[in-house]
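1. Build the 3D model from these lines:
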Amino acid sequence: MLEVLPIQTKLEQEAICARCGVTYKADCMAYHALVDGNLTAVCQFTMDSEGGHIHDLAMVRDVQFTDRDRIESLFVMGRATLNFIDLCGVHTAYFEDEGFEGEGMIKSIGFTKTSEGRWFVDLTDFFVEPCQHGHGLKQD
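-> Numbering: from 1, shown residues only. Purely as a prediction, here's the structure:
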């Protein structure tokens, strides 16, 4: 069973980031994904006057995952993060994980590239019909 949950302490966030090979950012909020109780991924994000910002979306580095677990963990965690950002009254978001490999996943989550080359999503009414957004689950 897939679960996406907020990380409760900064100590836990730092340890999870280390397992996922990303730099711990103390000013970020974070979610982690679990499959059958086992850690699979982390997402660090912030919000400011410009919008929400996903800074890191990464899988645990020391475990081999099935394609399904990888795709579902990243997709559901990305969407959960956008939903939280939207529920906080912030209706724009940017995907800013420059080291992320997987343009198809970024698009599946709902982002499109702007003319300036930034990954952006307008969250206004995005979750009214969430399955109408993005391009479905795709593997790169």
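2. give me phi/psi at the residue located most distally from the centre of the chain?
-> Outermost residue of the chain with respect to the C-alpha centroid, by Cα atoms, centre = their mean, is S115; its distance is 22.3 Å. Backbone geometry at S115, expressed as degrees, to the nearest 10, gives phi -60, psi -20.
3. Any figure for the gap between it and A41?
-> Separation of S115 from A41 (Cβ to Cβ, to the nearest Å) stands at 30 Å. Any C-beta I mention is one placed from the backbone N, CA and C, and that applies to glycine too.
4. Also L2?
-> Distance from L2 to A41, counting by Cβ to Cβ: 10 Å.
5. Give me the more crowded residue out of the two.
-> Ranked by neighbour count (other Cβ atoms under 10 Å), L2 and A41 place A41 first, with 27 against 15.
6. What segments of this structure are strands?
-> Under the criterion DSSP state E, the chain contains strands at 2-6, 29-35, 38-48, 51-59, 92-95, 112-113, 119-122.
7. In CSV: these, plus mean pLDDT and distance to V76.
-> What follows is those, written out as CSV (pLDDT from 0 to 100; distance: least, Cβ to Cβ, whole Å):
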stretch, mean pLDDT, distance to V76
strand 2-6, 96, 5
strand 29-35, 97, 7
strand 38-48, 97, 9
strand 51-59, 97, 11
strand 92-95, 98, 15
strand 112-113, 96, 20
strand 119-122, 96, 16
